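**Student:** fold the following for me, if possible:
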Amino acid sequence: MPLLENGQIKEDNWQVAIEGEALPSGDVLVPLARLSEGLGRNNDGRLGVVLNAGDSVEELRSVLPRLSSIQVTFPIFRDGRPFTQARALREHLHFEGELRAGGHILPDQYEFLLRCGVNSVVVPEGVDAAVWQKAHETFSVAYQPSVLNEQPEGFAFRRKLL
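**Tutor:** Residues are numbered from 1 along each chain as shown. Down below sits the predicted model:
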């Protein structure tokens, strides 16, 4: 599936590990349950992990320097846990690699994903990029805090995780 990055469609070079099959060579995204298998690979490809909405990002703390990409997955568009995961990875665990979002995402959520630190969104084949670009350009002011390096508007207070 293609990726949406900065409102533009680009090719996705990552392979997603398929349950019950050996890990492919090259750049691979593994589910959290197969992370130790991915860390034990003996090839030169990059490693990433796919988080489900119920997974704890804290489990990745010790291996973050070895990960090039993390994908947060929305089981349904109304589930906000992946937004929280993305924020925690960027703000509290200081993950600097590619942070992608996948699953059931609406174009209206694109700007909010960017504000949470997501770099790219996995979109289904045949999706009109113009709809996503319009969603990206629609919002010019936001009041909530963001991981983006921008001037705050209004009285945005940053919450802290304990």
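
**Student:** what number of residues lie near Ile18?
**Tutor:** 10 (other Cβ atoms under 10 Å). Glycine gets a C-beta too; all of them are placed from N, C-alpha and C.

**Student:** Val72 too?
**Tutor:** So Val72, with other Cβ under 10 Å, has 29 neighbours.

**Student:** correct me, but it touches Glu98?
**Tutor:** No. Using Cβ atoms under 8 Å, Val72 makes no contact with Glu98, being 11.6 Å away.

**Student:** who touches the helix or strand hosting Gly48?
**Tutor:** With elements taken from DSSP states H and E, the one containing Gly48 is strand 47-51. Residues outside strand 47-51 that contact it (Cβ atoms under 8 Å, 6 or more residues apart in numbering): 14, 16, 27-32, 35, 38-39, 41, 57, 60, 66-73, 82, 85, 97-98, 102.

**Student:** repeat that for stretch 54-70.
**Tutor:** By Cβ under 8 Å, 6+ apart, stretch 54-70 touches 14, 27, 29, 32, 35, 39, 46-51, 81, 85, 88-89, 93-95, 97-100.

**Student:** now the residue lying closest to Gln109 once chain neighbours are set aside, what's its secondary structure?
**Tutor:** Nearest non-adjacent residue to Gln109, counting by Cβ to Cβ, 6 or more residues apart in numbering: Phe77, 6.9 Å away. Here Phe77 is recorded as coil under DSSP: H, G, I helix; E, B strand; the rest coil.

**Student:** tell me how many other residues crowd Phe77.
**Tutor:** By the criterion of other Cβ under 10 Å, Phe77 has 12 neighbours.

**Student:** gap between it and Glu91?
**Tutor:** Going from Phe77 to Glu91 by Cβ to Cβ, to the nearest Å gives 23 Å.
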